[in-house]
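>>> Let me see the structure of the following:
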Amino acid sequence: MAEHTVIMENTLRKLLAEKKYSTLREILITMNPADIAAIFNELEEDRLPLLYRLLPKELAADVFVEMDQEAQELLIRGFSDSELKAVIDELFVDDAVDIIEEMPATVVRRILSQADPEMRKSINEILRYPESSAGSIMTTEYISLRPQMTVAEAITRIRRTGIDKETIYTCYVTKDRTLIGVVTVKDLLLCSDDDKQIADIMIDKVISVNTHDDQEEVAQMFSKYNFMALPVVDGENRLVGIVTFDDAMDVMEEEATEDIEKMAAIIPSEKPYMSMSPFEIWKKRIPWLMLLMVSATFTGIIISHFEDALAKLVILTAFIPMLMDTAGNSGSQASVTIIRGLSLNELEFGDILQIIWKEVRVAVLCGLSLGVACFGKILLVDYLILGSFAEVTMSSPFLIIGVICITLSITVLFAKIVGCSLPLFAKKLGFDPAVMASPFITTIVDALSLLVYFGVANLFLPL
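Sure, this is the predicted structure:
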């Protein structure tokens, strides 16, 4: 797919250089808006406006929605008022809101000045809802039917008003704006009696969401119920909008990206990587790096505290990285699993005892497996091949190997418990569980693994 895009981009560049505009237009109108947008995003600033103006009005609006923020802003600044109005008039309300939320204030004022009063009112209403709420991602363009309508009247209404709606397949039945039912176009078309009332064929048990519900929970409902659209109601069950499947998909992608960034100790950003400057990337990464660097001093303090023990048996130092890395990886496995379960609403804080008990059993199996493998590895590689224990005189090499393997098994157990419990506590306290992922948990587990290591060493070795 990427190769096809590059070939098409080169073809369009060649035709543009040769000024074959009619051929360019014929090619562009056969393409999908998302594919056109992908090519336009890579074009030089001076060529983009010319190519964009070759598009038919409706296709131009669809392409505009799919383009990157920088390309959109560039076009808006170059549009005449009439060109900007033509684009705005073709946009759905939720797409217009998405664009406005990413633009500078000067560009926003210009967009709103060219929008018709009805769209401007709808945009302002949506912008008033909290960020990341159902109200902020909904559209007010939906088909509304009355319960006393006949099937024939409903179909006529859909034909008359559907052209301006984002989806017409699912229609919502309201009485004094209160949502009372839902009916699909399939139900209407397959009804044998055109005089039958909508109230007789509608589904009155409607699943809906509130305007202030979290957008991530709304997106998960699409996955759970296989909806194409979901009605959004206010506190009095009045229908104010709908969330469509494409918007739910965008939310899922945004939330997944945000969780990944948090799990990697990066402040989430709405910009694509290639659109960010090195300074912007630095600002997103440095706060967590600073925090983790400072928190890692605890491991240094622990090592310093046991300097005398390490001086007596220097061989112990060689296995510190292995123990810390294994413990950190074990904790990360548990935390990522729990964080994902929390994000999908498969787990909750009340399950904590069951989760810990399950992870303890997993840790025992992993610890025993790793302990046996570690014993064989140290015996074969470090002892026989590398001769790392040649200078060990104060205790048996096998006793030292045993200490290392016992420590490994215990640290895996602790790491699994920490890794599975911290995200649950974070969720309970109102924090994002993703913050408790790899870097943060690894720092805690590193300190624990050192304490266990020196504790077991002091117990069995003459230090």
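>>> Distance from the chain centre to stretch 362-373, please.
33 Å (Cα atoms, centre = their mean, to the nearest Å).
>>> let's have the chain start at 6 instead
Noted, 6 is the first residue going forward, which turns the last one into stretch 367-378.
>>> Identify all contacting residues around that stretch.
Stretch 367-378 has contacts (Cβ atoms under 8 Å, 6 or more residues apart in numbering) with 331, 335, 339, 410-411, 413-415, 417-418, 420-422. C-beta: built from backbone N, CA, C; applies to glycine.
>>> Could you export these as TSV, including distance to Arg366 and pLDDT?
As requested, the contacts of stretch 367-378 are exported to TSV (distance: Cβ to Cβ, whole Å; pLDDT from 0 to 100):
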residue	distance to Arg366	pLDDT
Thr331	18	91
Ser335	14	91
Ala339	12	91
Cys410	20	93
Ile411	19	94
Leu413	18	94
Ser414	14	94
Ile415	15	94
Val417	12	94
Leu418	10	94
Ala420	15	93
Lys421	10	93
Ile422	12	94
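>>> what residues go with each domain of the chain?
7-133, 149-257, 301-465 (automatic domain parsing).
>>> follow-up on the earlier one: closest one of the contacts of stretch 367-378 to Ala462?
Ile411 (9.7 Å; Cβ to Cβ).
>>> for the domains of the chain, which one sits closest to Asp264?
Short answer: domain 301-465, nearest of the domains of the chain by Cβ to Cβ, at 4.4 Å.
>>> That closest one spans what distance, first to last residue?
28 Å (Cα to Cα, to the nearest Å).
>>> Contact partners for the nearest residue to Leu53 once chain neighbours are set aside?
Nearest residue to Leu53, sequence neighbours excluded (Cβ to Cβ, 6 or more residues apart in numbering): Phe45, at 5.9 Å. Residues in contact with Phe45 (Cβ under 8 Å, 6+ apart) are 53, 56-57, 68, 72, 76.
>>> Same question for Gln202.
So Gln202 contacts 152-156 (Cβ under 8 Å, 6+ apart).
>>> Just list whatever residues bridge to it.
Thr155 (DSSP bridges).
>>> what's the spacing between it and Ile163?
Distance check for Gln202 against Ile163: by Cβ to Cβ, to the nearest Å, it reads 16 Å.
>>> any chance of the domains of the chain in a markdown table, plus distance to Arg290?
Putting the domains of the chain into a markdown table (distance: least, Cβ to Cβ, whole Å) gives the following:
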| stretch | distance to Arg290 |
| --- | --- |
| domain 7-133 | 21 |
| domain 149-257 | 24 |
| domain 301-465 | 11 |
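>>> Quick one: closest of those to Ala139.
Short answer: domain 149-257, nearest of these by Cβ to Cβ, at 4.5 Å.
>>> any idea which of the contacts of stretch 367-378 is closest to Leu194?
The nearest one, if we look at the contacts of stretch 367-378 relative to Leu194 and count by Cβ to Cβ, is Ala339, at 51.7 Å.
>>> quick one: that closest one and Ala420 touch, right?
Yes - at 7.3 Å, Ala339 counts as touching Ala420 under the criterion of Cβ atoms under 8 Å.
>>> who's more crowded, the two?
Ala420 (31 against 25; other Cβ atoms under 10 Å).
>>> Can you say which helix or strand has that one in it?
For Ala420, the element it lies in under DSSP states H and E is helix 402-433.
>>> tell me which strands and helices that helix is in contact with?
Contact here means 3 or more Cβ pairs under 8 Å, 6 or more residues apart in numbering; DSSP states H and E; on that basis helix 402-433 packs against helix 325-348, helix 357-382, helix 443-465.
>>> how big is the angle separating that helix from helix 357-382?
Counting by axes from the mean of the first three to the mean of the last three Cα atoms, to 10 degrees, helix 402-433 lies at 150 degrees to helix 357-382.
>>> ok, back up a step: for Pro273, find the nearest of the domains of the chain.
That would be domain 301-465 among those, by Cβ to Cβ, at 9.3 Å.
>>> Does Pro273 fall in a helix, a strand, or a coil region?
Classification of Pro273 using DSSP: H, G, I helix; E, B strand; the rest coil returns coil.
>>> next one: the one 3 residues further on
Local secondary structure at Lys276 is given as coil here, using three-state DSSP.
>>> What pLDDT does the model give it?
Listed pLDDT for Lys276 reads 74.
>>> quick one, phi/psi of it?
Dihedral pair for Lys276: phi -90, psi 150, per degrees, to the nearest 10.
>>> Then Pro61?
Per degrees, to the nearest 10, the backbone of Pro61 is at phi -60, psi 160.
>>> Run through the residues that contact it.
Ile34.
>>> so what pLDDT did it get?
At Pro61, pLDDT is 88.
>>> Also Ser300?
pLDDT, Ser300: 69.
>>> Same check on the one 5 residues further on?
Predicted confidence (pLDDT) at Gly305: the value is 80.
>>> Just say helix, strand or coil for it.
Relying on three-state DSSP, one would call Gly305 helix.
>>> Pull the contacting residues for Val102.
128, 131-132, 141.
>>> elements contacting the lowest-mean-pLDDT helix or strand in the chain?
Taking mean pLDDT, DSSP states H and E as the measure, helix 7-22 is the helix or strand of the chain with the lowest mean score, a mean of 76. Helices and strands touching helix 7-22, by 3+ Cβ pairs under 8 Å, 6+ apart, are helix 26-33, helix 38-45, helix 53-57.
>>> related to what we said a few turns ago, distance to Met36 for the contacts of stretch 367-378 - can I get that in JSON lines?
Below are the contacts of stretch 367-378 laid out as JSON lines (distance: Cβ to Cβ, whole Å):
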{"residue": "Thr331", "distance to Met36": "51"}
{"residue": "Ser335", "distance to Met36": "49"}
{"residue": "Ala339", "distance to Met36": "46"}
{"residue": "Cys410", "distance to Met36": "61"}
{"residue": "Ile411", "distance to Met36": "64"}
{"residue": "Leu413", "distance to Met36": "57"}
{"residue": "Ser414", "distance to Met36": "59"}
{"residue": "Ile415", "distance to Met36": "60"}
{"residue": "Val417", "distance to Met36": "53"}
{"residue": "Leu418", "distance to Met36": "57"}
{"residue": "Ala420", "distance to Met36": "51"}
{"residue": "Lys421", "distance to Met36": "51"}
{"residue": "Ile422", "distance to Met36": "54"}
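>>> Nothing else from me, thank you.
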